[in-house]
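[1] quick one: sequence and predicted model below, then my questions.
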Amino acid sequence: MKKEAKIKVEGLKKVFEGENKVTALEDVNMEIYGNEFAVILGPSGCGKSTLLYLMAGFEKPTKGNMYLDGKKIKKPGPDRGFVFQDFALYPWRTVLKNVTFPLELKGLPKVEAQKMANKYIKMVGLDGFENAFPHTLSGGMKQRVGIARALVYEPEVLLMDEPFGSLDAQTRKQMQIELEKIWEKNKKTVVFVTHSVIEAVYLADRVFVMTARPGKIKDIVKVNLIRPRDYTDENFLKVREKVLEILESEVEKSMHQKQEIEKT
Amino acid sequence: MKMNKELIKNKLLALIQFLIPIIVVIVLWEIIVYFELIIQLPAPSAIYNKFVYLMFEKKILTNHIYGSFYRLILGYILAIILGIFVGSIISLKKIISDMLTPMLSLLIAIPTIAWVPVLLITLGLGDKTVIAAVFLGGFFAITYSTMHGIRMVDKNLINAAKISGAKKTSMFISIFLPGSLVSLIPGLRLAIGYSWRALVGAEMLAAMVKWGVGKMIYTSRFWNDIEAMFLGLVIIGIGGLLLDQLLMRYIERVTVERWGMISEG
């Protein structure tokens, strides 16, 4: 039985016009299944975040199409949730109000919206901080709000753009473990962008490894390890090794690209 | 409890720091006048006596202050409404931006007071002209700070709202408006200063205006009443200070400062 694709990407190309024309993505094709945890992994500057921004509808593709449940993706909408690397919390809203905002937009009554929001705030472990303003929170706590805000309206898919990229190593690990747990409970389709191999192998059902710019899908690695995974487990390290090998040559290429840019 | 004591102590210290230079100036001033180092300068005590006389004996000072205050509020509110409106549509609609931005740069170069003779003819010699001058004084600063504020709103905040399903109206009210306050509030502060200055100038030139602090200064010229002139200057200064420190600072404290968008001042 062939699995139905939740998200389908076909011949996607993105060129950024401007003084220096940059081809960020070139002919990207991928299928992400329902309830799957898909991780897009690639060297920095390979266009993996661009790919996610295209799926979200924040940017328009130069060529190609994307489909969510068979429907063409044209613009941003609440069938998708997005978690930003820089959190993007509304500074003028408290934690609770940040999380209720998408529900307010839906026209949900206030009491119901707060009930829903509280459920998700609790899920990410932020109960007690409902009335705090974002600037008083640590990076890890901010991203918990970001996750609650993206989950609260129960979107079809959750798009995460290096969500733990700006956190310290300790917090990062903690967040990976908790995200894993949340995902096990919700079983949402997740598309998660990162440049950390360990993070990818810890979280992913499948890892999509991208090439250096212009970004393409180079290889797909299936991670068949029992969850929750152990960073030190022998099999975990084997998969990590495999992914690293695929990635390594691309990282080198991307380094050369950077040097070229520096030279010019 | 201990925190409270600390707070009161700090407030008191700030007040003393504020008052000392003023007291020094007043004392020096009084001495200069006493020894007649500058002639034709009224002593602070004489200005104070004038204040008591106009306030409590002739009872006309409140009329002057009220007259100015209500023109200021009317013109300023008008400037806020239209300034935010125009600034917003310019920032959010590219075609309007292309059409209006050059004209705005041209208009902003004209000093408000230069409009007054024109206004005197088109709007008459009374209140309307003064209110229009107050409006013009504040309008451009508010328009520009709105434009700047909206442009400064973080792209990802807009993206976050879009993907949560925000449409145009909620986008404006919930994202662009609060997001632009960092720039809009300093704009409002500047604007109330400009409006206040335009008010005083226009009052002097508008012949049919009877009451107003600017008017008081101007008419005092006829009686050579230099104490009343100085009293007018002092009232203008204190009025501006109160508007800025009480009203504007308050708005700033409960919004952008509380939200951590600017550091506490």
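    Sure thing, it's come through. Numbers count the residues shown, from 1 in each chain, chains lettered A, B, ... in the order given.

[2] so the residue nearest to B:Ile142 when sequence neighbours are not counted: helix, strand or coil?
    In space, and not counting its chain neighbours, B:Ile142 is closest to B:Gly83: 2.9 Å by C-beta to C-beta, 6 or more residues apart in numbering or on different chains. (Glycine included, C-beta is placed from N, CA and C.) In three-state terms, and counting by DSSP: H, G, I helix; E, B strand; the rest coil, B:Gly83 is helix.

[3] so how far is B:Ser183 from B:Gly83?
    From B:Gly83 over to B:Ser183 the distance is 12 Å, taken as C-beta to C-beta, to the nearest Å.

[4] which ones are touching the residue in chain B that chain A sits nearest to?
    Residue nearest to chain A within chain B (C-beta to the nearest C-beta): B:Gly260, separated by 2.6 Å. Residues in contact with B:Gly260, defined by C-beta atoms under 8 Å, 6 or more residues apart in numbering or on different chains, are A:Pro91, A:Phe133, A:Pro134, A:His135, A:Thr136.

[5] pLDDT value on the residue nearest to B:Ile142, please?
    The predicted structure scores B:Gly83 at 97 on the pLDDT scale.

[6] pretty sure it is touching B:Leu136, no?
    No - B:Gly83 sits out of contact with B:Leu136 when judged by C-beta atoms under 8 Å, with a separation of 10.7 Å.

[7] helices of the chain, start to end?
    Because you didn't say which chain, this covers chain A. A:48-56, A:95-106, A:110-123, A:139-151, A:169-186, A:197-203, A:234-263 (DSSP state H).

[8] the intended chain is chain B.
    B:2-34, B:44-52, B:61-92, B:94-108, B:112-123, B:127-152, B:155-163, B:168-171, B:177-205, B:213-220, B:226-242, B:249-252.

[9] next, count neighbours for residue 119.
    As the question left the chain open, I've gone with chain A. 13 (other C-beta atoms under 10 Å in any protein chain shown).

[10] oops, I was thinking of chain B
    Neighbour number of B:Leu119 under other C-beta under 10 Å is 21.

[11] and the stretch 101-250 of chain B, which residues reach chain A?
    Counting by C-beta under 8 Å from any C-beta of the partner chain, the residues of the stretch 101-250 of chain B lying close to chain A are B:154, B:156-157, B:159-167, B:170, B:174-175, B:178-179, B:181.

[12] tally up the residues packed near the nearest residue to B:Leu190 once chain neighbours are set aside, please.
    The spatial neighbour of B:Leu190 that comes closest, neighbours along the chain excluded (C-beta to C-beta, 6+ apart), is B:Ala141 at 4.6 Å. Residues near B:Ala141, counting by other C-beta under 10 Å, number 22.

[13] common neighbours of B:Gly83 and B:Ser183, please.
    Taking C-beta under 8 Å, 6+ apart as the contact definition, B:Gly83 and B:Ser183 share the neighbouring residues B:Thr146.

[14] between these two, who's got more neighbours?
    Legend: neighbour count by other C-beta under 10 Å for B:Gly83 and B:Ser183, higher for B:Gly83 (26 against 21).

[15] give the contact list for the more buried one.
    The neighbourhood of B:Gly83, defined by C-beta under 8 Å, 6+ apart, consists of B:Gly138, B:Phe139, B:Phe140, B:Ala141, B:Ile142, B:Thr143, B:Thr146, B:Ala191.

[16] buried residues in stretch A:149-162?
    Along stretch A:149-162, these residues count as buried under the neighbour rule (16 or more other C-beta atoms under 10 Å in any protein chain shown): A:149-153, A:155-162.

[17] pull the most distant pair out of these.
    Using C-beta to C-beta, those reach their maximum pairwise distance at A:Tyr153 and A:Glu162, which is 22.3 Å.

[18] buried set for stretch B:192-212?
    The neighbour-count check on stretch B:192-212 (16+ other C-beta under 10 Å) flags B:192-206, B:209, B:211-212 as buried.

[19] quick one: end-to-end distance for stretch B:106-126.
    Stretch B:106-126 has an end-to-end distance of 27 Å (criterion: C-alpha to C-alpha, to the nearest Å).

[20] okay, buried residues for that stretch please.
    For stretch B:106-126, the buried set under the neighbour-count rule, 16+ other C-beta under 10 Å, comprises B:Thr112, B:Ile113, B:Trp115, B:Val116, B:Leu119, B:Leu120, B:Leu123.

[21] and the residues you listed as JSON lines, adding pLDDT?
    Formatted as JSON lines, the entries for those read as follows, by pLDDT from 0 to 100:
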{"residue": "B:Thr112", "pLDDT": "91"}
{"residue": "B:Ile113", "pLDDT": "90"}
{"residue": "B:Trp115", "pLDDT": "92"}
{"residue": "B:Val116", "pLDDT": "93"}
{"residue": "B:Leu119", "pLDDT": "94"}
{"residue": "B:Leu120", "pLDDT": "94"}
{"residue": "B:Leu123", "pLDDT": "94"}
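
[22] possible to save these as JSON lines with distance to A:Met116?
    As requested, the buried residues of stretch B:106-126 are exported to JSON lines (distance: C-beta to C-beta, whole Å):
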{"residue": "B:Thr112", "distance to A:Met116": "52"}
{"residue": "B:Ile113", "distance to A:Met116": "57"}
{"residue": "B:Trp115", "distance to A:Met116": "54"}
{"residue": "B:Val116", "distance to A:Met116": "57"}
{"residue": "B:Leu119", "distance to A:Met116": "55"}
{"residue": "B:Leu120", "distance to A:Met116": "61"}
{"residue": "B:Leu123", "distance to A:Met116": "55"}
